[in-house]
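Colleague: All I have is the shape, not the residue letters:
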């Protein structure tokens, strides 16, 4: 079997395609969550904390300078505010994924319980008594 044929079989397996779709949707979902955190959640939190913009929070280790040749040397900073925002992004994504999986598991459990319930078939006596009752009503 040629290497190209093996790769084709691997790439077209259902699991690989499902995983690729999951990665693409996950990337798009990550962008949505990042936007929600950066544009909706963090501004009110910043206002509550006295107008702080988390993405601007940083520790400057070395100020920006210019060399003798006039070349700008950027400042060296630790951007811990962006890290805080990324942690909040992760927490929201993890919570949403947890809730979705919990919902899926509860629906799956309900379906399994419904399938596991035995269908009650009336006995011959019950059928006969039901027929007698119906005849007496007439």
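Modeller: Structure received. Predicted model only: the values in this text are computed from it and were never measured. Numbering: from 1, shown residues only.
Colleague: How far away from the center of its chain is stretch 57-77?
Modeller: 39 Å (CA atoms, centre = their mean, to the nearest Å).
Colleague: buried sites along the lengthiest helix in the chain?
Modeller: If each helix of the chain is counted by residues according to DSSP state H, the longest one is helix 80-116. Across helix 80-116, burial judged by 16 or more other CB atoms under 10 Å covers 81, 85, 88, 89, 93. Just so you know, the C-beta spots here come from the backbone N, C-alpha and C atoms, and that holds for glycine as well.
Colleague: Ok, stretch 31-42 next?
Modeller: So, applying 16+ other CB under 10 Å, buried residues of stretch 31-42: 33, 34, 37, 38, 42.
Colleague: And the contacts of it?
Modeller: 53, 54, 55, 85, 88, 89, 92, 93, 96 (CB atoms under 8 Å, 6 or more residues apart in numbering).
Colleague: And the helices in the chain, which stretches?
Modeller: 3-11, 14-36, 42-48, 80-116, 124-137.
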